[in-house]
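# Sharing a sequence plus its predicted fold:
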Amino acid sequence: MVSHSVLKKLIASACVSAMLVTAFPVAGAVNYEQNSTKAAITVASTASSAAKITPNGAIFGVGEKYKLKPSFGTGGKQTWSTSNSNVIRVSSDGTIECRKPGKAVICCRAANGTRAKAEFTVKPAPKSMKLDATAVTLGVGETHDFGSTLNAGAGSYQRHYYTSNASGASITMAGGLVTAKKAGTYTITCKAYNGVKATAKVTVKNAPTSVTLSQTSTSLEIGKAVTLTSKLSSGSYSGSYTVSSSNSNVASASLVSGNKVLVTAKKAGSTVITFKTYNGKTAKCTVTVKTNSVALNISATSTSILKGNHSYIKATTSPSASVTYSSSNTSVAKVSSNGIVTGVGAGTATITVAAGSTKKTCKITVSSYSSDTYVPYSTYTLNNGKTVYLKSTGSSFSSSDTSVCTVNSNGFVTAKKQGVAIITANYYGSKRTCAITVVGSEPVRFSYSSPNSASKNQKVELIAITDKQRTAVKFNIKIGNTTKSVAATKKSLDSSGNRYIWKGYYTFNSAGEYPVTAYSMYNNNGKYSTCEGGKSTVFVTNVTSAKTTSYSQRRPSNEILALNSSYEGFLSSVTDDPLVYDTPTVGYGYVVRNGDAFYNNMSQEEAFAFMVKTMNDSVYSSAVNNFMTSNNIKFNQQQFDALVMLVYNLGPGVLNDSDVSGILKNCWHNGVRDMNYVNKKALQSELIQWHHAGGCVWGLLYRRIDELEVFCYGDYVRDGSDNNYGMTYRWNCY
């Protein structure tokens, strides 16, 4: 169906109108509508570069006839032809007859050689027709533009609109455009070339002589809304209205339910709402917007803190409203936008809390005494569900609001819900505080890929772990200058039953390191978000053999990750290492340092993901890669794996030990260093000694044996206690 704007231009053709009146003699005006585009094709010719046939691209129905018109006029001799006379036949005067469904190109050539052509489509004749409305009400002077649709697959270029009664010009039509002239009821008919038709009822009522609104003035508070109802003069009708606000920054106005106005207050001030009918009748309402009346409460009206320490003024409002804070003396105390007060210098200051026009104050007294007690942060923002370690030796700890976050005797602070809490470390009266702001949970807790070191053309699992409020996950992979998005197609519960494990899959055909970002959707809200925990990389290696040495950088294999996790052992919650004093450990051997934020009470799957990320992104893999690169040593996967596992347990410093470093670097072969030619006996003799922690520890001894078995023989089985390769060590190591 053609647009009505095209239609109105086309109906102006006198020759076409005359044809339609002859074909369909009815009472009242006779008009038609075409269901094609108005564009005509332009072709090159010997006489003109702009010759065209109207209407190019039109869709006709079988049996339809239509006289075409070339742009160079109908005078003079013309030759017409068709590319497919079985579909469309064309006569010598340009009249086409549509014979069967299909496409055909019609050409016209003038006596001077100018040519034009257009392609037409023929579809089956229509069997039914619908108008876009079956009943319409208008006020005198209003218009409605009818449109028509045929049954699926049918075609009809010519569609004729007419009215049942046009006497006295009570209603006029131009194609499907109806203009109401006089009150009454009329039937509109649209008829296709083969007689198929559809009708609609048009009821015309008098134009409004006046309009009123239910209120001529009203007052609103910011954020509030009111609905104004319009009323027309008796017996009149207006199908369309407009509404405006003289100051939309103060209050906006929009039409609802056709003839009502929704006014929403935005800021203090005054505005005039104007409601207008189609024929220009108006009604106005003056709206005055006032600052909200808010009930405000604060958690304290006075408090004392030490210089450098903090207090929190919690504000609650009814109804909910934005709150601002200010300090009367920032050289004594400053206050953040969320109510955290910091002692700056000795003296007193007044903190003012405001919500709208309502204000409350809190007197702050700051002591010049500065505590010697240490905590790693003065303020800290913590995601809900995470833990941060605030170590302060010898101190006791407390939280100002345990519903927001708790703290245990060792200084591990765990976020419980969004809000602010002041954590205090107290060492015999010497106090230091940390203001903790708890924000929402992270969109992604952990992410990684498997295999950790993939081969080219190998399917890679992209893995993300989230809380159970996430309803979808996708992975964005950076490949050169493009980003590939991969949806997670598998979801399962982890072993704790409290988190979801999501997996997507992708195959990489080139070696390299590809950044991957995991995004999650919260409760089907349609928005994806990510965080630091959602970032990882996929590593694809060029090396196909675990035994082949090269200078290529590497990542730990899945086999060494499994062996390392077996030796480290799983700790769901942070626990002091029994072998090393004051070394809290969580997951698979992660040592928590002062100031670290981490997930406590992890599932095994989370702990494994944490270990993978730690091995890849912390110093462990880079320490081994850098040692090999800086010393120009060729090495293979099993040698790399063994040394990474060793470094994960002992720290990167083991590679700088003169004995260890000397043995590893003394691997010359044909003028190059190649780790395949290291003195294995010397290496075994040296590394196997690194099993003491306040005495011989058999578990560490067996670990050293297994690491050496990986290095020397590619044996990843945990069986160091069997010493299958007969490595020598002292039995009386105690």
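Here it is on my side, so go on.
# so who does the residue nearest in space to the middle of the chain touch?
By CA atoms, centre = their mean, the chain has its centre lying nearest to Tyr528, at 3.6 Å. Contacts for Tyr528 were tallied using CB atoms under 8 Å, 6 or more residues apart in numbering; they are 443, 472, 474, 519-521. C-beta here means a position set from N, CA and C on the backbone, and glycine is covered the same way.
# How about the backbone phi and psi for it?
Per-residue torsions, Tyr528: phi -100, psi 140 (degrees, to the nearest 10).
# For the stretch 601-734 of the chain, just list every one of the helices.
With DSSP state H, counting those that start in this stretch as the criterion, the stretch 601-734 of the chain has helices at 604-617, 619-630, 637-650, 658-665, 680-687, 698-713.
# How about the stretch 251-400 of the chain?
Using DSSP H, counting those that start in this stretch, no helices are found in the stretch 251-400 of the chain.
# Burial-wise, tell me which of the helices of the stretch 601-734 of the chain comes out on top.
Most buried of the helices of the stretch 601-734 of the chain by mean neighbour count (mean count of other CB atoms under 10 Å) is helix 637-650; its value is a mean of 24.
# who's in contact with Ala546?
With contact set as CB under 8 Å, 6+ apart, Ala546 has these partners: 557, 636-638, 714.
# Could you look up the SS state of it?
Following DSSP: H, G, I helix; E, B strand; the rest coil, Ala546 is assigned to coil.
# separation between it and Asn636?
The gap separating Ala546 from Asn636 is 6 Å, by CB to CB, to the nearest Å.
# circling back: most neighbours among the contacts of Tyr528, which one is it?
Neighbour counts for the contacts of Tyr528, by other CB atoms under 10 Å, peak at Ser520, which reaches 28 neighbours.
# With adjacent residues omitted, what lies nearest to that residue?
Distance criterion CB to CB, 6 or more residues apart in numbering; nearest residue to Ser520, sequence neighbours excluded, is Arg470 at 4.0 Å.
# what bridges to the one you found?
Tyr522 (DSSP bridges).
# For Asn600, see how far away it is.
20 Å.
# So which of those two has more stuff around it?
Arg470 (26 against 18).
# can I assume the more buried one is in contact with Lys491?
No: judged on CB atoms under 8 Å, Arg470 makes no contact with Lys491 at a distance of 9.3 Å.
# shared neighbours, the two?
Shared contacts of Arg470 and Lys491, defined by CB under 8 Å, 6+ apart, are found at Tyr500.
# so where's the stretch 251-400 of the chain uncertain?
Applying pLDDT under 70 to the stretch 251-400 of the chain picks out residues 370.
# err, the stretch 101-250 of the chain, not the other one
165-174.
# related to what we said a few turns ago, for the residue nearest to the centre of the chain, give the beta-bridge partners.
Beta bridges link Tyr528 to Met521, judged by DSSP bridges.
# what about it, distance to Tyr428?
Using CB to CB, we find Tyr528 at a distance of 50 Å from Tyr428.
# now Lys503
Using CB to CB, Lys503 is found at 53 Å from Tyr428.
# neighbour count winner among these two?
Lys503 (17 against 9).
# Run a quick neighbour tally on the closest residue to the more buried one other than its chain neighbours.
In space, and not counting its chain neighbours, Lys503 is closest to Lys490: 4.2 Å by CB to CB, 6+ apart. Here the number of neighbours of Lys490 (other CB under 10 Å) works out to 12.
# distance of Lys490 from Lys474?
Counting by CB to CB, the gap from Lys490 to Lys474 is 13 Å.
# and if you look at Ile364?
Separation of Ile364 from Lys474 (CB to CB): 48 Å.
# Just give me the closest of the contacts of Ala546 to Ala609.
Of all the contacts of Ala546, Ser557 has the smallest distance to Ala609: 16.3 Å, by CB to CB.
# what's the closest of the contacts of Tyr528 to Gly139?
Taking CB to CB as the measure, Gly139 sits nearest to Met521 out of the contacts of Tyr528, at 48.2 Å.
# can you pull the pLDDT of that closest one?
Met521 is assigned a predicted lDDT (pLDDT) of 98.
# same thing with the one 3 residues further on?
The confidence metric pLDDT takes the value 95 at Asn524.
# and it, what is it in contact with?
By CB under 8 Å, 6+ apart, the contact set of Asn524 is 471-472.
# sec struct for it, please.
Three-state call for Asn524 (three-state DSSP): coil.
# from what I can see Ser92 touches Trp80, true?
Yes: if you go by CB under 8 Å, Ser92 and Trp80 touch, sitting 6.2 Å apart.
# okay, these two: which has more neighbours?
Regarding Ser92 and Trp80, a neighbour count based on other CB under 10 Å identifies Trp80 as having more, with 18 against 9.
# does Glu686 really touch Val660, like I thought?
Yes: the criterion here is CB under 8 Å, and Glu686 meets it with Val660 at 5.9 Å.
# For Asp402, give me its contacts.
In this structure residue 402 is Thr, not Asp. Taking CB under 8 Å, 6+ apart, we find Thr402 in contact with 416, 421.
# Mind telling me what element it is part of?
Following DSSP states H and E, one finds Thr402 outside all helices and strands.
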